[in-house]
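[1] The following block contains a protein sequence and its predicted model.
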Amino acid sequence: MASQLTHAEVMRIAELARLEIAPDEADTFARQLTAILGYAASVQSVTTEGIAGSGVNDLVALPALRDDRVQPGVDRAKAVAAAAESSADTALFRVPKVL
């Protein structure tokens, strides 16, 4: 089983995930996350070798995959015209910052 997550580890995980949790909730989340990690570890320890349908390739119907082919994309002028912050001169538009 996974070792118990600490209060500090839970707060760091919340920070990385950009979640706001109250400090008094961290102990509850520590127990819950530790249980989830323990369950994941037990699932990973199960041997599935030789069992039909246990691999990713068994889940994908390989004949259903299509060949890649070039197709026309969105017209640049229309995309720039539809964007909130755009410049027809440079044919560029601004997108929100992710991080």
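    Received the coordinates, thanks.

[2] quick one: average confidence on the host helix or strand of Arg31?
    In the assignment (DSSP states H and E), Arg31 maps to helix 26-44. For helix 26-44, the mean pLDDT works out to 92.

[3] dump the residue contacts of the residue nearest the centre of the chain.
    Most central in the chain under Cα atoms, centre = their mean is Ala17, positioned 10.9 Å from the mean C-alpha point. Contact analysis of Ala17 by Cβ atoms under 8 Å, 6 or more residues apart in numbering lists nothing. The C-beta positions use only the backbone N, C-alpha and C, and glycine is treated the same way.

[4] Next one: it from Val10, what distance?
    Plainly put, Ala17 is 11 Å away from Val10 if you go by Cβ to Cβ, to the nearest Å.

[5] what's the weakest-modelled helix or strand in the protein?
    The weakest-scoring helix or strand in the chain, judged by mean pLDDT, DSSP states H and E, is helix 56-59 (a mean of 63).
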